[in-house]
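Engineer: Got a sequence here, can you model it:
(2 chains)
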Amino acid sequence: MRLHLLALLKKEPAHGYELKQALEQTFGEAYPSPNIGQIYVTLSRLEKDGMVRAVDVEQSNRPNKKVYYLTAKGSEALEEWVDSPTEGPRVRDEFFMKLILAPMTGIADRMMLINRQRRHYLSLMRDLNRLADNTDPANRVAHLLIEGAMLHLQADLDWLERCQEDLA
Amino acid sequence: MEGAVTPMTPVVRTVNLEKIYQNGGVPVPAVRGVDLRVEEGEFVAIMGPSGSGKSTLVHMLGGLDTRTNGEIWLDGKRVDTLSESAWAVLRREKIGFVFQFFNLVANMTVADNVELPALLAGASAAQARARREELLDALGLTDRADAAPGHLSGGEQQRVALARALANQPRLLLADEPTGNLDSRNTRDVLRLLGRVHAKGQTIAMVTHDARVAGMADRVINLLDGQIVDDADMAPARRRTGRSGTTGDVIELRG
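Structural biologist: Residues are numbered from 1 along each chain as shown, chains lettered A, B, ... in the order given. Below you'll find the model as predicted:
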């Protein structure tokens, strides 16, 4: 989340709660909504690393709030993030490790593992269907995020089918 | 539909169903001893690798392919012993089909394509027309009624095919990869429709590779080498209750 926050701060200085809202509004429910505590912890780490600078703003009836500004160092880190290609899909899949290793130990059979995993993927898909139904059609970003998750799940299921054909 | 509680006759029941093709004198089993029940109002997705027997199974349920051994029951009546002409009548009355390639009649308008099944089943021209108007309206295709199918996008053609399949208010909707030839956006439109039709109580058995489709089903059956290797209940909370969160205007479709 560090770099996501830096990106938002590049646009404009903000306090923690504003950052949380910006993430939620942009990505919708499909984005694993960070709790405000996580955001403050991340911001204080960024501050310690010199990526952001915090400025206290006095409020009349409430404790001071901190407004965060991106520093030159933070800006550099952000550019590096933008300029480098993003990690591709994982090659070493935890389920695959289980599928290969567990039957060797005699504690599980492959068909059972595959069936359970398929059910799990399908129930995730069901959740995504519901999420898509409940997401504002005008929020293109949120819908693309959900569609991306669906396409990844589809690939996982297709691969599971290949495993079943060849191994079970 | 709420009232009936007594043990219901399943819409589909198969007993030890088998299909064995002959390939140059060599028997090739495609479906091997499938026992399947589909209850009224259920949406069952059938998945599995290609060559696992999914399509053969669904084709047999609709009488488009004959069984080698076993029994098929539709609505409490044994049907695997029917003649081809008796099957044709049964299909018109009780079964709707949707295929991957829309199979619309190319030289007929959209409206005529949708009216055809009702007319074949003996409905009056006025009845067929009323049903067609209702369906096209529900599927958002009213303004395409006079178009030729070839002038429609894939998604629109598949919606027309769905309208045609529902024209006679079938007891059972069978589908074989209905989204297999559609892009992601058109798939979404067709899925939305299927969801609505199902919510209205339509019984559906559908072969699919598409996990989004399967994610909408009440049950997902997995076939491997012609046998059921998994039968997963996807909606333990049971239909309707699980949908309470879904809002939006549900279109009027009596299926």
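
Engineer: Which residue, other than its chain neighbours, is closest to residue B:160?
Structural biologist: If the residues on either side of it in the chain are set aside, residue B:160 comes closest to residue B:110, at 5.3 Å by Cβ to Cβ, 6 or more residues apart in numbering or on different chains. In short, each C-beta sits where N, CA and C put it, glycine included.

Engineer: Double-check that neighbour against residue B:142; I have them as touching.
Structural biologist: No: using Cβ atoms under 8 Å as the test, residue B:110 is too far from residue B:142 to be in contact (9.7 Å).

Engineer: Which residues are in contact with each of these two?
Structural biologist: residue B:136 (Cβ atoms under 8 Å, 6 or more residues apart in numbering or on different chains).

Engineer: More neighbours: which of these two?
Structural biologist: Ranked by neighbour count (other Cβ atoms under 10 Å in any protein chain shown), residue B:110 and residue B:142 place residue B:110 first, with 27 against 14.

Engineer: Please work out how many residues are found near residue B:86.
Structural biologist: A count of nearby residues for residue B:86, using other Cβ under 10 Å, gives 12.

Engineer: Look up how far chain A lies from it.
Structural biologist: Relative to chain A, residue B:86 is positioned 37 Å away (Cβ to the nearest Cβ, to the nearest Å).

Engineer: list the buried ones in whichever strand or helix holds that residue?
Structural biologist: Per DSSP states H and E: residue B:86 is located in helix B:84-94. Buried residues in helix B:84-94, defined by neighbour count with 16 or more other Cβ atoms under 10 Å in any protein chain shown: B:87, B:90-92, B:94.

Engineer: Which residues of chain A lie near chain B?
Structural biologist: A:111, A:115, A:118-119, A:121-123, A:125-126, A:128-130, A:133-134, A:147, A:150-151, A:153-154, A:157-158, A:161-162, A:164-165, A:168 (Cβ under 8 Å from any Cβ of the partner chain).

Engineer: Now the buried members of the residues you listed.
Structural biologist: Listed as buried from the residues of chain A next to chain B are A:111, A:115, A:118-119, A:121-123, A:125-126, A:128-130, A:147, A:150, A:153-154, A:157, A:161, A:164, A:168; burial here means 16+ other Cβ under 10 Å.

Engineer: Mind listing residues that contact stretch B:18-36?
Structural biologist: B:12-17, B:53, B:56-57, B:60, B:65, B:67-70, B:221, B:223, B:225-228.

Engineer: Any idea how far apart the tips of it sit?
Structural biologist: 12 Å (Cα to Cα, to the nearest Å).

Engineer: Between its first and last residues, what's the separation in stretch B:165-184?
Structural biologist: End-to-end for stretch B:165-184, by Cα to Cα: 22 Å.

Engineer: Please list all residues in contact with residue B:14.
Structural biologist: Counted by Cβ under 8 Å, 6+ apart, residue B:14 has contacts B:34-36, B:61, B:70-73.

Engineer: what pairs with the one helix or strand it maps to, and is each one parallel or antiparallel?
Structural biologist: With elements taken from DSSP H and E, the one containing residue B:14 is strand B:12-23. Strand B:12-23 pairs in its sheet with strand B:26-38 (antiparallel), strand B:69-74 (antiparallel), by DSSP bridges.

Engineer: could I get the ones you listed as a markdown table with mean pLDDT?
Structural biologist: Compiled in a markdown table, the strands paired with strand B:12-23 are given as follows (pLDDT from 0 to 100):
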| stretch | mean pLDDT |
| --- | --- |
| strand B:26-38 | 96 |
| strand B:69-74 | 97 |
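
Engineer: Mind checking the ones you listed for the one nearest to residue B:169?
Structural biologist: strand B:69-74 (15.1 Å; Cβ to Cβ).

Engineer: can you list contacts of the helix or strand residue A:74 falls within?
Structural biologist: For residue A:74, the enclosing helix or strand under DSSP H and E is helix A:72-83. With contacts defined as Cβ under 8 Å, 6+ apart, helix A:72-83 is touched by A:3, A:6-7, A:9-10, A:46, A:49-52, A:70.

Engineer: cool, stretch A:95-108 as well?
Structural biologist: Counting by Cβ under 8 Å, 6+ apart, A:109-110, A:113-114, A:117, A:163, A:167 sit against stretch A:95-108.

Engineer: who does the strand or helix carrying residue A:127 touch, helix- and strand-wise?
Structural biologist: Here residue A:127, judged by DSSP H and E, is contained in helix A:110-133. Applying 3 or more Cβ pairs under 8 Å, 6 or more residues apart in numbering or on different chains; DSSP states H and E, one finds that helix A:110-133 contacts helix A:94-105, helix A:140-167, helix B:211-214, strand B:219-224, strand B:227-233.

Engineer: re the thing from before, what does the helix holding residue B:86 contact?
Structural biologist: By Cβ under 8 Å, 6+ apart, the surrounding residues in contact with helix B:84-94 are B:62-63, B:74-75, B:79, B:82, B:97, B:117, B:120-121, B:168, B:170-172.

Engineer: Just the angle for it relative to strand B:69-74, thanks.
Structural biologist: When axes from the mean of the first three to the mean of the last three Cα atoms, to 10 degrees is applied, the directions of helix B:84-94 and strand B:69-74 differ by 40 degrees.
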